[in-house]
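**Q** Pasting the sequence and the predicted model now:
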Amino acid sequence: MGSTDERVVAVIMVGGPTKGTRFRPLSLNVPKPLFPLAGQPMVHHPISACRRIPNLAQIYLIGFYEEREFALYVSSISNELRVPVRYLREEKPRGSAGGLYSFRDYILEDNPSHIFLLNCDVCCSFPLPEMLDAHKIYGGMGTVLVIKVSAESAHQFGELVADPITKELLHYTEKPETFVSELINCGVYVFTPAIFAAIQDVFMQRRGKAELRRVTSFEALQSATKSIPADYVRLDQDILSPLAGKKELYTYETLDFWEQIKTPGMSLKCSALYLHQFRYTSPHLLASGNNTKRAAITGDVYIHPSAKVHPTAKIGPNVSISANARIGAGARLISCIILDDVEILENAVVIHAIVGWKSSVGKWSRVQGGGDYNAKLGVTILGESVAVEDEVVVINSIVLPNKTLNGSVQEEIIL
Amino acid sequence: MKALILVGGFGTRLRPLTLSVPKPLVDFANKPMILHQIEALKDVGVTEVVLAINYQPEVMLNFLKEFETKLGIKITCSQETEPLGTAGPLALARDQLIDGSGDPFFVLNSDVISEYPFEELIQFHKSHGGEGTIMVTKVDEPSKYGVVVMEEETGKVERFVEKPKMFVGNKINAGIYLLNPSVLDRIQLRPTSIEKEVFPQIAADQRLFAMVLPGFWMDIGQPRDYITGLRLYLTSLRKKSPSKLSTGSHIVGNVLVHESAVIGEGCLLGPDVAIGPGCVVECGVRLSRCTVMRGVRIKKHACISNSIIGWHSTVGQWARVENMTILGEDVHVCDEIYSNGGVVLPHKEIKSSILKPEIVM
């Protein structure tokens, strides 16, 4: 039974505008954390997961975006989910641990016994209550969510070695060149308040060390050897790595899906993963094709209540349609995200694509991507207010906002 | 007198520069594009300029406040809520353009640079007594444009021919007009083309005249033409105010350097270079046929040609940047990098060479 001593605070890192250019062109119009996956803003998914934690007192979103970009969202989600959500703006880059530390007064206000730290751009099932239970049993300072990946892809992430019995974190290394382990860091952590003391130790150590290292001008320009300011503390390299093997950190393995949402292509893949998850967690959100007066639905599909879909259209699998979109007669949508106020005209076909806000896709036109979520041009992306004229074919291309395509394009970026 | 400048839309052809500012505010020869026109209008006695826009009015209005006071000319906006074509905006701004004086008003296309011979235009307009005067410019390939067919001696416009297949003339519409207020009675508030609907009407009434634009003319709405336009502009500046151009053993041809820019030793600059406010060009740098915008740092021994370097960017030591490379705002090209036609969106770092023309998002 939860006592008042067991309050939990969750902190979700949402990042910032200029650092992440990989989410362009979508990030030209909307902060990445607010881009919709399966019909809900990206950050909504970890927030909903946090709600399942017993005795959740507060959720903080921390990032570099201006306050006004999150003001509306934060107040509406607080109301909707009946949990206090607050956005805190980081003043300057201090690293993931440094950022957390800079807001310790807010985080410790509710005197939490445990603090969750999540990355917003992680797509997974967020087994937070289970992770918390495991953490309490381990009795350490922190527990890291981990997942097994293929040996070939592990090097892109933080690789961890864990004791198979005790689950203790024995070794941690970030993006290693040689193979260390198939277990990788999912970017979801739970800590006791002792984490702040650990971060503070890093500051102390840094200040104690004399920083008299001379670098050549060549070295100075290489970002890897750039001297790091004393208050820039990275969670992975500066906290997890040194504390590994000291009976302070443990791991909790998830067997569900896990992806990072770094590019628009990946947002399409993750939207599909969340749509699939809705079958189990929120089946009422998925559209069903049982009603013959409605359009044919196949697979997992989300349709916003205000969107209008013609009965002769066929939608799915893996389609998400946002508010006020209009899907015309005979249209076919497969594996795509249709954003607000989009108009898909009669008999158009959209496959492996993201169609931006207020865009229009003409009659018999075809907007298609190859479907390779990781390739630069694997998913076709139409920015805000793009007009694809009738019968035009757009394949494996990215079109920036406010353009009109009156001729077919393939493998192109259109500025 | 009044003037209307057709600013229009999103300036997508000048991306990535127009991802940072609206097109009229993109610098050309160290000054926002639209300022060249506003200054020329002020010089000829225009007291109010109306900007017909449909995009980012807040940014434009902020900029305008600064220049209203500096220049002593009234600047207002007329915002289209739906696209009105090339003539509709005139109807929209009707109340701002007619002041009861009966004076004609100017209409300019914002992408056009030229010597703006507005005084001569006014004189010619008065002398023929017609309803409107359009400036035309001679081009080599008229069939790419709309050709204006006119009587050589009087300048009276006979007709317009859009992209003619056979040669009918070599003068095209230069996007500079002087119109009597009565022209506004011919334009309805709906999407309308001034060339296809309004001018032919006036020409049919024998009341439209054309004047050949003396000096250079360029539509700088896209990067290639922007660079050519700078060459033409600096050539004209050499004739009119040569003291504004730089001199010295490190200068070749026409080079415009803002007084607050710093140039290092051993550089060779030019021809056809513009270096903006606050720029730092370190030692041993070679610049030709390029524009370097406000706050840019070009590091030692770099070599840049036929390119546009956007505000606050940096180009690293020994970097070579050429062939229509366009760097957006705050782009940092690392040392020793080669960019052959890279088009780079704002806030990027270029750590590996771009061997063939490519867009970097």
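**A** Structure's in. What do you need?

**Q** export the lowest-mean-pLDDT helix or strand in chain B as PDB, just CAs?
**A** In chain B, no helix or strand scores lower on mean pLDDT, DSSP states H and E than helix B:57-71, which sits at a mean of 82. Listed next in PDB are the C-alpha coordinates belonging to helix B:57-71 (Å, rounded to 0.1, in the frame of the first residue of the first chain):
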ATOM      1  CA  PRO B  57       3.600  40.600 -41.300                       C
ATOM      2  CA  GLU B  58       4.900  40.800 -37.700                       C
ATOM      3  CA  VAL B  59       8.500  40.400 -38.900                       C
ATOM      4  CA  MET B  60       8.000  42.900 -41.700                       C
ATOM      5  CA  LEU B  61       6.400  45.500 -39.400                       C
ATOM      6  CA  ASN B  62       9.200  45.300 -36.800                       C
ATOM      7  CA  PHE B  63      11.700  46.000 -39.500                       C
ATOM      8  CA  LEU B  64       9.700  48.800 -41.000                       C
ATOM      9  CA  LYS B  65       9.400  50.700 -37.700                       C
ATOM     10  CA  GLU B  66      13.100  51.000 -37.600                       C
ATOM     11  CA  PHE B  67      13.300  52.300 -41.200                       C
ATOM     12  CA  GLU B  68      10.300  54.600 -41.000                       C
ATOM     13  CA  THR B  69      12.000  56.800 -38.500                       C
ATOM     14  CA  LYS B  70      15.500  56.500 -40.100                       C
ATOM     15  CA  LEU B  71      14.300  57.400 -43.600                       C
END
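
**Q** List the buried residues for it?
**A** B:57, B:60-61, B:63-64, B:67-68, B:71 (16 or more other C-beta atoms under 10 Å in any protein chain shown). Glycine gets a C-beta too; all of them are placed from N, C-alpha and C.

**Q** what about the closest residue to chain A within the stretch 51-200 of chain B, which SS state?
**A** When scored by C-beta to the nearest C-beta, the stretch 51-200 of chain B has B:Tyr55 as its residue closest to chain A, at 8.3 Å. What DSSP: H, G, I helix; E, B strand; the rest coil gives for B:Tyr55 is coil.

**Q** name the element A:His135 belongs to?
**A** In the assignment (DSSP states H and E), A:His135 maps to helix A:128-138.

**Q** Over to A:Ile381?
**A** When elements are assigned from DSSP H and E, A:Ile381 belongs to strand A:380-382.

**Q** Put the alpha carbons of the helix holding A:His135 into PDB.
**A** What follows is the C-alpha trace of helix A:128-138 in PDB, where atoms were taken according to Å, rounded to 0.1, in the frame of the first residue of the first chain:
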ATOM      1  CA  LEU A 128       7.500   2.200 -15.400                       C
ATOM      2  CA  PRO A 129       5.600   0.600 -12.400                       C
ATOM      3  CA  GLU A 130       7.400  -2.700 -13.000                       C
ATOM      4  CA  MET A 131      10.700  -0.900 -13.200                       C
ATOM      5  CA  LEU A 132      10.000   0.900 -10.000                       C
ATOM      6  CA  ASP A 133       9.200  -2.400  -8.200                       C
ATOM      7  CA  ALA A 134      12.400  -4.000  -9.500                       C
ATOM      8  CA  HIS A 135      14.400  -0.900  -8.400                       C
ATOM      9  CA  LYS A 136      13.000  -1.100  -4.900                       C
ATOM     10  CA  ILE A 137      14.100  -4.800  -4.600                       C
ATOM     11  CA  TYR A 138      17.600  -4.100  -6.000                       C
END
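
**Q** Buried ones in the longest helix belonging to chain A, by neighbour count?
**A** Scanning chain A for the longest helix, with DSSP state H as the assignment, gives helix A:264-281. Of the residues in helix A:264-281, those buried under the neighbour-count criterion (16+ other C-beta under 10 Å) are A:264-278.

**Q** Check stretch B:106-123 too.
**A** In stretch B:106-123, the ones that count as buried by 16+ other C-beta under 10 Å are B:106-118, B:121-122.

**Q** what's the most distant pair in the residues you listed?
**A** B:Asp111 and B:Ile122 (22.6 Å; C-beta to C-beta).

**Q** sorry, back to before: and the longest helix of chain A, how far from the chain's centre?
**A** For helix A:264-281, the gap between its own C-alpha mean and the chain's C-alpha mean amounts to 11 Å (C-alpha atoms, centre = their mean, to the nearest Å).

**Q** pLDDT of it, averaged?
**A** Helix A:264-281 comes out with an average pLDDT of 95.

**Q** Counting by contacts, list what the helix or strand following that helix packs against.
**A** Next helix or strand after helix A:264-281 toward the C-terminus (DSSP H and E): strand A:296-297. If contacts are counted by 3 or more C-beta pairs under 8 Å, 6 or more residues apart in numbering or on different chains; DSSP states H and E, strand A:296-297 sits against strand A:314-315.

**Q** Swap in 6 Å and give it another go.
**A** Under the contact definition 3 or more C-beta pairs under 6 Å, 6 or more residues apart in numbering or on different chains; DSSP states H and E, strand A:296-297 sits against no other helix or strand.

**Q** where does chain A come near chain B, residue by residue?
**A** A:18, A:21, A:24, A:402-403, A:413, A:415 (C-beta under 6 Å from any C-beta of the partner chain).

**Q** Let's see that with 7 Å instead.
**A** Along chain A, the residues adjacent to chain B under the rule C-beta under 7 Å from any C-beta of the partner chain are A:18, A:21, A:24-25, A:221, A:400, A:402-403, A:413, A:415.

**Q** quick one: least confident of these?
**A** Among the residues of chain A next to chain B, A:Leu221 carries the weakest pLDDT, at 51.

**Q** could you pull out the helices for chain A?
**A** With helices called from DSSP H, chain A shows them at A:44-51, A:67-81, A:95-102, A:104-108, A:128-138, A:194-208, A:217-221, A:241-243, A:264-281.
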